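> starting from these lines, generate the structure:
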Amino acid sequence: MTPSDTPLPRRQFIATGAAATLGGLLAQAGLLDTAQAQPSTAQQPAASGLAWHNWSGLQQARPSSLPTPGSEAELQALMRSTRGELRAYGSGHSFTALVPTSGAIVSLDRLSGLISVDKQAMTATMHAGTRLGMLARALDAQGLALRNLPDVDVQTIAGAISTGTHGTGATLPALHADVVGLRIVTPSGNVLTLHEDKDRDLMAAARVSLGSLGLISQVTMRVLPTYNLHRKVWLRPIDELLKQAPMLADQHRHFELYYLPFTGYGAAISHDVYTGTDLLLPKPGDDEVMADLRLLRDWLGHFPQLRLWAARKFIDGSQTEEARHRAHRLLTSVRPMKFNESEWHVPRAQGVACLRQIIAAIERHNEAFFPIEFRFIKGDDAWLSPFHGQDRCSIAVHAAAGEAHDYLIKDCAPIYRAHQGRPHWGKLHQMGAAELQTMYPRWQDFLAVRQQFDPQGRMLNAHLRQLLFKA
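Numbers count the residues shown, from 1 in each chain. A predicted model of the protein is given here:
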């Protein structure tokens, strides 16, 4: 059986069980109006001239230009001819204001594709605008794979590494840790070729740079021989899962869990290397899961105890799901429902305690329905990596696009800070330089390298100035 190219949803933990049963319960009770149950679509303001917005629609800009260079030479020419601020975007999956500017916003979409592979060195070189899903399939055709992947496959490789994007696995670091070489076009139009063997400090700065050094044109990464994974998904009461989580993280190549608000249940997901040949595809159903969780919120949100009772009564805690397939087919997915997100990374030893408090904070808001995400990430040495110098757990909270999301920041940030957390660079937070520099021991070293690459500050927008310099 040969894996096809279609990405598969990965959050299918209640599609055929609890959510369907709860939907049926509401319909039988006369509470379900399917015409009202459809997800709302946030309205965008009418465009006049050039306009840009991110994936969720939260961040918007009116840039002076939207260039789409198709080669490194065109990128050099653009840098030399453009004046003022310049920012790049890949897939627009950052929820923070990393991209918006009144200057130029550069698309890397035409700088896409696998350039070469070196099977002796076990490295691959790709254009910076290559989407992760496309990269995984191109590598698979060469018998190769990335060591790990995040759960969204539309991100570009440059955007993913620049913001510290990660998957899950107690022994697996974020994507940028496998970057061994970069080609960066500086604001002056020069191309700098960096490699970890000869540019250790510059690579430590450039692996997670927030796009503030220049525009990445090529990335070289370590790769592995292609491999299959065996996925298991199971539901358990959340207290039980929280007690087991550290042990499960150590037992499995990949482990993560999701708490389903106002249900008392969590979904655990493990992936381990599978050497068999009997591949099995998972069942689709992410959109149905999220629609049903939203529906349960819409009809019983004002009655949290009834909502909890209904969930506990009709969720089948014994249901499980298994799948066996190519790693990239199981680890990454597309997102059926748009949302806004805040995510922080706390020291592993404090992960479970922090998650317990985050659950309590989220459940003070009856409008919450998105699962809370809990993952494990190995530490690394990139200067602005949220995992710099220490293994960490990530905790992510979400709200549907178009709905209130301020509570994700205001209620959760004090909890994260109390547990020595660091915010994800691409996820919503309100930290500024005064606080951030206390979290990163090589902060000043990074600023010195940034000044060397971009002395005129052309790669900075208002958000980056607040992150890097303003109190």
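> show me where the chain dips below the pLDDT cut-off.
Residues of the chain that meet the criterion pLDDT under 70 lie in 1-48, 285-286, 471.
> go again with 80.
Scanning the chain for pLDDT under 80 picks out 1-48, 283-289, 314, 333-336, 470-471.
> okay, strands next: where are they in the stretch 1-150 of the chain?
For the stretch 1-150 of the chain, the strands defined by DSSP state E, counting those that start in this stretch occupy 52-53, 60-61, 86-89, 104-107, 114-118, 123-127, 144-145.
> out of those, which gets nearest to residue 447?
strand 86-89 (18.4 Å; Cβ to Cβ). C-beta here means a position set from N, CA and C on the backbone, and glycine is covered the same way.
> which strands and helices sit next to that closest one?
Other elements packing on strand 86-89 under the criterion 3 or more Cβ pairs under 8 Å, 6 or more residues apart in numbering; DSSP states H and E are strand 104-107, helix 157-162.
> just say which of the strands of the stretch 1-150 of the chain is most tucked in.
Comparing the strands of the stretch 1-150 of the chain by mean neighbour count (mean count of other Cβ atoms under 10 Å), strand 86-89 ranks first with a mean of 26.
> direction included, what does it pair against?
strand 104-107 (parallel) (DSSP bridges).
> who touches the strand it pairs with?
For strand 104-107, contacts defined as Cβ atoms under 8 Å, 6 or more residues apart in numbering pick out 52, 61, 63-69, 75, 78, 82, 84-89, 99, 129, 215.
> buried ones among these?
Neighbour-count burial (16 or more other Cβ atoms under 10 Å) applied to the contacts of strand 104-107 gives 52, 61, 63-64, 67, 69, 75, 78, 82, 85-89, 99, 129, 215.
> thinking again about what came up before, make a markdown table from the strands of the stretch 1-150 of the chain and add distance to residue 247 to it.
Below are the strands of the stretch 1-150 of the chain laid out as a markdown table (distance: least, Cβ to Cβ, whole Å):
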| stretch | distance to residue 247 |
| --- | --- |
| strand 52-53 | 43 |
| strand 60-61 | 45 |
| strand 86-89 | 40 |
| strand 104-107 | 45 |
| strand 114-118 | 37 |
| strand 123-127 | 34 |
| strand 144-145 | 27 |
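> out of the contacts of strand 104-107, which are inside helices?
Those of these mapping onto helices are 75, 78, per DSSP state H.
> ok so residue 427 is a helix residue?
No - in this structure, residue 427 is coil, not part of a helix, as judged by DSSP: H, G, I helix; E, B strand; the rest coil.
> please name the residues that touch the residue nearest to it when sequence neighbours are not counted.
Leaving aside its sequence neighbours, residue 427 sits nearest to residue 343 (Cβ to Cβ, 6 or more residues apart in numbering; 4.0 Å). The neighbours of residue 343, taking Cβ under 8 Å, 6+ apart as the test, are 373, 394-397, 423-424, 427.
> just put these in a markdown table and tack on distance to residue 463.
Compiled in a markdown table, the contacts of residue 343 are given as follows (distance: Cβ to Cβ, whole Å):
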| residue | distance to residue 463 |
| --- | --- |
| 373 | 24 |
| 394 | 21 |
| 395 | 23 |
| 396 | 20 |
| 397 | 21 |
| 423 | 13 |
| 424 | 14 |
| 427 | 13 |
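> quick check: the two most widely separated of those residues?
373 and 423 (14.6 Å).
> higher neighbour count, the two?
residue 423 (24 against 20; other Cβ atoms under 10 Å).
> excluding chain neighbours, what is closest to that one?
Looking at residue 423 with Cβ to Cβ, 6+ apart, the closest residue is residue 429, at 3.7 Å.
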